[in-house]
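# Got a predicted model here, sequence first, then my questions.
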There are 2 protein chains.
Amino acid sequence: MKLSTRSRYGARILVDLANHQNQGPVQIGEISKRQGISVKYLEQLIRPLKEAKLVTSVRGPKGGHIMARKPKDVTLGQIVRLFEGQAELVECISCPEKCPMSDDCRVRLAWMDATQALYNRLDATTIADLLKADTHTNGGNEACRPGRKPKTS
Amino acid sequence: MKLSTRSRYGARILVDLANHQNQGPVQIGEISKRQGISVKYLEQLIRPLKEAKLVTSVRGPKGGHIMARKPKDVTLGQIVRLFEGQAELVECISCPEKCPMSDDCRVRLAWMDATQALYNRLDATTIADLLKADTHTNGGNEACRPGRKPKTS
DNA sequence: CATAATTCATACTAAAATGATATAGATTAA
DNA sequence: TTAATCTATATCATTTTAGTATGAATTATG
């Protein structure tokens, strides 16, 4: 039940853009450096943000990306819905025909409630709530679970 | 951000056991028939439930499985924590060393809050809340998303 | 005691999702 | 014109998911 890195990174991209709103278009390279996310992956993540009109971009040299809305008008809920292929916790919520029990299953209703509780919280948190203090870096020592490592080539 | 079928099925197993508490040990074969989950997969799912002392089993003929606690004393939160490898929405919550930004990242705190909101809801729902009305079956027609189909052999 | 019904344990597997990287192209300021 | 930048699509390795397979251990019952 993990959120994908896309949602995590998506949120951090917006926080980063918000923190640099005054500086004109922010380039992917800068975000990459500050956030420790590869340029290529960032390019891929910014696209959905553009399609959702959360970000606008300027092409060409001196180009970059800008928040299309005010930080207080963008919520984590929006971001998560955007990046998670399936917003609900279980697919029997949105696709009841997937489960033969669905039309009479109380567990399903409980999953709906829980999903709702989650999004209520996410929708109550805006990018504005998350500004500042996103830049510091620590070492990042020892392992905790395997995790995926970037290719070393 | 999907819950695994293990959690979904785990909850339904307990509801099924609860609904047949009075009938002595419930066999996997019966649960399989009623819930539409393969015997082999059920065997695999019941093990963690046993280890967590939510279920006790009786071996040999006439054996089967029984709820070890009262339905009102088992919550969805327990089940989900049991079956999801990582209970938190993002691993930077429990493994901050995985993310170089973690010690100063407000987004991380927001993910913690959301995780908390989710589990508050799940912990407030017990198996007793879900009893009855888990047996009806419908057709289960047309597709919604790919999904995994059981082998046809 | 034999045997059949059942749970228990471990290994294996195909498909899907995840988290990227690679390559090539379009746009535009300087 | 060219270099900086974004855009688009394809590809890839790894991990996770959702199961299946095989066989062993236990035990009620005749």
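Alright, I've got the coordinates. Numbering: from 1, shown residues only, chains lettered A, B, ... in the order given.

# and the residue of chain A found nearest DNA strand C, how many neighbours?
Residue nearest to DNA strand C within chain A: residue A:60 (2.5 Å; C-beta to the nearest atom of the strand). For every residue, glycine as well, the C-beta is placed using N, CA and C. Residues lying near residue A:60 (other C-beta atoms under 10 Å in any protein chain shown) number 7.

# Is it in a helix, a strand, or coil?
Assigned state for residue A:60: coil (three-state reduction, DSSP: H, G, I helix; E, B strand; the rest coil).

# Next, it: phi, psi?
As for residue A:60, its main-chain torsions (degrees, to the nearest 10) stand at phi 80, psi 170.

# quick one: it and residue A:27, what's the gap?
Counting by C-beta to C-beta, to the nearest Å, the separation of residue A:60 from residue A:27 is 11 Å.

# which residues sit in contact with the closest residue in space to residue A:31 that isn't next to it in sequence?
Distances taken as C-beta to C-beta, 6 or more residues apart in numbering or on different chains put residue A:16 closest to residue A:31, at 5.2 Å, once the chain neighbours are dropped. Contacts for residue A:16 (C-beta atoms under 8 Å, 6 or more residues apart in numbering or on different chains) come out as A:26, A:31, A:34-35, A:134.

# And for residue A:6?
Residue A:6 touches A:45, A:83-84, counting by C-beta under 8 Å, 6+ apart.

# check those residues against chain B, which are close?
residue A:84 (C-beta under 8 Å from any C-beta of the partner chain).

# Inside helices: which ones of the contacts of residue A:6?
A:45, A:83 (DSSP state H).

# ok now do residue A:28, which residues does it touch?
A:39, A:42-43, A:46, A:64-65.

# Pipe these into CSV and attach neighbour count, pLDDT and secondary structure per row.
Putting these into CSV (neighbours: other C-beta atoms under 10 Å in any protein chain shown; pLDDT from 0 to 100; DSSP: H, G, I helix; E, B strand; the rest coil) gives the following:
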residue, neighbour count, pLDDT, secondary structure
A:39, 13, 98, helix
A:42, 20, 98, helix
A:43, 11, 98, helix
A:46, 21, 98, helix
A:64, 20, 97, strand
A:65, 24, 98, strand
